[in-house]
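sharing a model prediction with you, sequence too.
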Amino acid sequence: MTSTVFTGIAELVTGDPLLEGADHSEHLGLLKDAAVVVQDGLIAWVGPGAAAPPADERQDVGGRAVVPGFVDSHSHLVFAGDRSQEFSARMTGTRYDAGGIATSVGATRGATDDELRTLVAARVAEMRAQGTTTVEIKSGYGLSVRDEARSLRIAAEFTSETTFLGAHVVPPEFAGRRAEYVALVTGEMLTACAPFARWIDVFCEPHSSQAFTEEEAKVVLSAGRDVGLGLRVHGNQLGHGPGVRLAVELGAASVDHCTFLSAEDVEQLAGASETTVATLLPGVEFSTRSPYPNARHLLDAGVSIALASDCNPGTCYSSSIPFVLALAVREMSLTPAQALLAATAGSAKSLRRNDIGMICAGNRADLTVLDAPTYLHLFYRAGVPIACALDPVGDHGR
């Protein structure tokens with residue numbers, strides 16, 4: 001067994017509430033002048049640099065800060081094609097209504113397996129270069145049995161956090177035949193996709209004619225649960241709707257977007273805080289000119305929150321969690337500490353993982369180093385590429 005001690009850590013954000021000697025004032029579990037010992041891909045020891053035990057190898061990070069690897073719990077990386085013109089149109093006033101998804105479906109269906117694999121590999125590498133060590137990847141741009149199954153098969157080559165999103169929108173060939181498409185998603189498509197998926201998701205959005213109603217969404221999620229998949233929900237993105245209520249009712253691990261929330265929605269999320277996480281996606285608000293939800297209000301109400309990129313070709317083609325963090329502080333009223341915890345421990349909770357998102361003995365050695373002396377530079381130097389995943393770490397999601 002090979003061990004490596006990482007020394008020269010000016011500031012270590014562990015997120016560990018039980019770490020002795022750490023500063024827990026903002027729940028960061030923060031240590032100054034720290035060291036971490038990694039053995040066979042797991043964290044073996046955390047503590048003051050002066051007390052670090054011997055290891056086979058030594059790596060000095062040179063007075064930089066180290067934080068838990070970012071956990072991107074919502075992304076759509078398996079796609080081909082370009083929708084930059086759609087983005088440009090939105091910036092000049094065109095409202096987003098999910099109709100552009102069909103453009104990505106056509107391009108994705110037309111791509112070869114090798115082309116899709118190359119695109120996903122590049123996007124995952126781009127994420128890792130910005131500090132992301134775990135990524136969830138959804139299907140949803142195939143919308144046929146063959147293309148959804150191959151999307152998930154390819155995604156599973158990069159992460160174990162794969163999500164079947166055949167219920168992204170109703171594809172054009174099923175226009176006027178919604179019930180038939182729901183039957184396909186919950187029948188033959190689910191059977192083909194379940195072996196490659198951990199989760200099932202649905203775009204429950206009454207404000208889009210292409211998305212799914214509460215009743216349709218419940219049928220889809222129930223079918224996925226019956227074959228052993230965990231539940232996730234796209235909800236409350238385009239307007240007030242039933243997404244939060246449905247997610248809480250069915251015990252979904254996460255309800256994502258939460259752009260438009262009523263007082264009742266917030267109350268339900270607070271009551272289900274141990275079960276259902278509200279995953280916020282501020283990159284989407286930025287890219288669609290939508291209002292930002294007040295994340296501080298959610299925390300104050302007792303809601304569990306996460307932050308993720310929603311990297312996708314239409315509403316947020318950004319893979320940068322540092323960008324998400326900056327937006328969350330500037331536009332969603334979070335403190336830097338709250339934002340960092342939401343993108344690490346909070347996102348890990350939304351994936352129901354307790355082996356990532358926190359730097360403590362026994363967890364995966366998912367470490368992100370900052371070319372800065374403190375985590376505050378993630379926000380202080382917004383837009384500057386100071387974060388990168390430390391090697392050795394693993395396979396991005398397993």
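Received the coordinates, thanks.

so how far is the helix or strand of the chain with the lowest mean pLDDT off the chain centroid?
Evaluated with mean pLDDT, DSSP states H and E, the helix-and-strand set of the chain has its lowest mean pLDDT in helix 84-91, which scores a mean of 90. Between the centre of helix 84-91 and the centre of its host chain there is 24 Å, according to Cα atoms, centre = their mean, to the nearest Å.

swap in stretch 269-289?
Going by Cα atoms, centre = their mean, where stretch 269-289 is centred and where its chain is centred differ by 11 Å.

which residue ranges form the helices in the stretch 151-300 of the chain?
178-184, 190-193, 214-226, 243-250, 263-271, 282-288, 295-301 (DSSP state H, counting those that start in this stretch).

how about stretch 147-158, which residues are buried there?
Residues of stretch 147-158 classed as buried under the neighbour-count rule (16 or more other Cβ atoms under 10 Å) are 147-156, 158. No exception for glycine: its C-beta is placed from N, CA and C like everyone else's.

from Glu126, how far out is the residue nearest in space to the middle of the chain?
Using Cα atoms, centre = their mean, the residue of the chain that lies closest to the mean C-alpha position is Ser73, 1.9 Å off. For Ser73, the distance to Glu126 under the criterion Cβ to Cβ, to the nearest Å works out to 17 Å.

which strands and helices lie in contact with whichever strand or helix holds Ile9?
Counting by DSSP states H and E, the secondary-structure element that holds Ile9 is strand 3-13. The contact analysis (3 or more Cβ pairs under 8 Å, 6 or more residues apart in numbering; DSSP states H and E) places strand 3-13 against strand 30-39, strand 57-68.

what are the pairing partners of the last one, and which direction each?
It stands for strand 57-68. Take DSSP bridges as the rule and strand 57-68 pairs in its sheet with strand 3-13 (parallel), strand 367-370 (antiparallel).

and the next element down the chain from the shortest one?
Using DSSP H and E, the helix or strand that follows strand 367-370 towards the C-terminus is helix 377-380.

gap between that following helix and the chain center?
Taking Cα atoms, centre = their mean, the mean C-alpha location of helix 377-380 is offset from the chain mean by 20 Å.

list the contacts of that helix.
65, 67, 322, 325-326, 329, 336, 339-340, 370, 372, 386-387 (Cβ atoms under 8 Å, 6 or more residues apart in numbering).

ok, back up a step: can I get the helices of the stretch 151-300 of the chain in JSON lines with mean pLDDT, mean neighbour count and distance to Ser318?
Output for the helices of the stretch 151-300 of the chain, formatted as JSON lines (pLDDT from 0 to 100; neighbours: other Cβ atoms under 10 Å; distance: least, Cβ to Cβ, whole Å):
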{"stretch": "helix 178-184", "mean pLDDT": "98", "mean neighbour count": "16", "distance to Ser318": "30"}
{"stretch": "helix 190-193", "mean pLDDT": "98", "mean neighbour count": "20", "distance to Ser318": "27"}
{"stretch": "helix 214-226", "mean pLDDT": "98", "mean neighbour count": "19", "distance to Ser318": "27"}
{"stretch": "helix 243-250", "mean pLDDT": "98", "mean neighbour count": "23", "distance to Ser318": "23"}
{"stretch": "helix 263-271", "mean pLDDT": "98", "mean neighbour count": "17", "distance to Ser318": "26"}
{"stretch": "helix 282-288", "mean pLDDT": "96", "mean neighbour count": "23", "distance to Ser318": "5"}
{"stretch": "helix 295-301", "mean pLDDT": "98", "mean neighbour count": "18", "distance to Ser318": "18"}
